[in-house]
Structures are given as structure tokens and as C-alpha cells.
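In: here you go, sequence then predicted model.
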Amino acid sequence: MKIIDNINAVLHQKGTQVWSISPDATVFEAIQFMAEKNIGALLVMKADQLLGMFSERDYTRKVALKGKSSKQTTVKEIMTTPIVTVRLEHTVEECMRLMTDHRVRHLPVVENNRVIGVVSIGNLVNWIISTQSSTIDQLENYIAGQYPG
């Protein structure tokens, strides 16, 4: 596990579950769904087409602060578009850079115009921590003379 590992490896470890919502759903329905799944963002999709992203940030900035009603506002009215996507061959480091540059916390993973997963900043941080821990263990074993060979 390394920061140069690609997103395919991260998805293999975390899984490819994708949670999405219709653009015609209400913001209230989206928030309910996110609470039920304990997630911070949803892909906005119509059939297999990725239209945008709906996040807690969208709700707080575009509904709560503007005095709109979450039961009367649809997801398509406030979703974030366009969204940054990545492919399986993107590295963890490249994804971290994209998230930082675009100030996003979730990246849909797309192959052949189809969403196959989502990685969050938390997924990438966990990957990096695991990588560092593994590297430390290997170095300690090497120093102690417990290396294979």
C-alpha cells in the first residue's frame, strides 16, 4: 500500500457501494437517506447518468442559510455541478490533489461512462495511514533482522 497506489486498490479494499438519489427528490428526502446510510454525500443520478453531487455542504449553504424549505426544494436545484471524477488508474496522491484543488470531499470513480464507485477524503486518509503503518512495520522488521531472505 502506497500513496502511489491507484484508486482501483482503494476500491478493492473499501468496496464499490454507490449511494445515489434522483434529481427530482426533495432535499429533505436526500438528507433523510444520508442520515440513514451515515454518509455525507450522494451522487445525483438519472438511470445510469451522473448529473451531479449532493452533499451536506450543499444543504447548509444553499438551503439552510438561504431560508429555503428542504421539503419544497429539489436536489437538482442545489446539487453541485459539474463534478470532478476520477478513473481507476488515478493514484491516491492525484485524488488528494484533486480534492484539495477543487475543495471537494468525494470523487466518483468512472469507467466507460459508468460510475463504479466513490472515494472520500476519509477513504484516502485511511489508505495513507495503513500505508505508513505497513511501511513502519517492514522497516522495524528489517532493522531487527527479521526480513525474509
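Out: Alright, I've got the coordinates. Since the structure is predicted, the reported quantities are computational estimates derived from the model, not experimental observations.
In: now residue 49, what are its backbone angles?
Out: phi -90, psi 120 (degrees, to the nearest 10).
In: that one bridge partners, please.
Out: On the basis of DSSP bridges, residue 49 is bridged to residue 46.
In: can you start the count at 10 instead of 1 from here on
Out: Renumbered: residue one is now 10, and that last one reads residue 58.
In: what about residue 135, distance to residue 112?
Out: 20 Å (CB to CB, to the nearest Å). Glycine gets a C-beta too; all of them are placed from N, C-alpha and C.
In: of the two, which one has the most company?
Out: residue 135 (14 against 7; other CB atoms under 10 Å).
In: SS state for the more buried one?
Out: Here residue 135 is helix, with the state taken from DSSP: H, G, I helix; E, B strand; the rest coil.
In: what's the pLDDT at it?
Out: For residue 135, the model assigns a pLDDT of 87.
In: likewise for residue 80?
Out: 95.
In: all strands for the protein, in order.
Out: Assigned by DSSP state E, the chain shows strands spanning 29-30, 50-55, 58-64, 115-120, 123-129.
In: residue 101 is nearest to which of these?
Out: strand 123-129 (8.7 Å; CB to CB).
In: list the neighbouring strands of that closest one plus their orientation.
Out: Strand 123-129 is paired, per DSSP bridges, with strand 115-120 (antiparallel).
In: may I see the buried residues of the partner strand?
Out: 115, 116, 117, 118, 119 (16 or more other CB atoms under 10 Å).
In: give me the contact list for it.
Out: 16, 20, 27, 49-50, 52, 59, 62, 64, 92-97, 104, 107-108, 124-130 (CB atoms under 8 Å, 6 or more residues apart in numbering).
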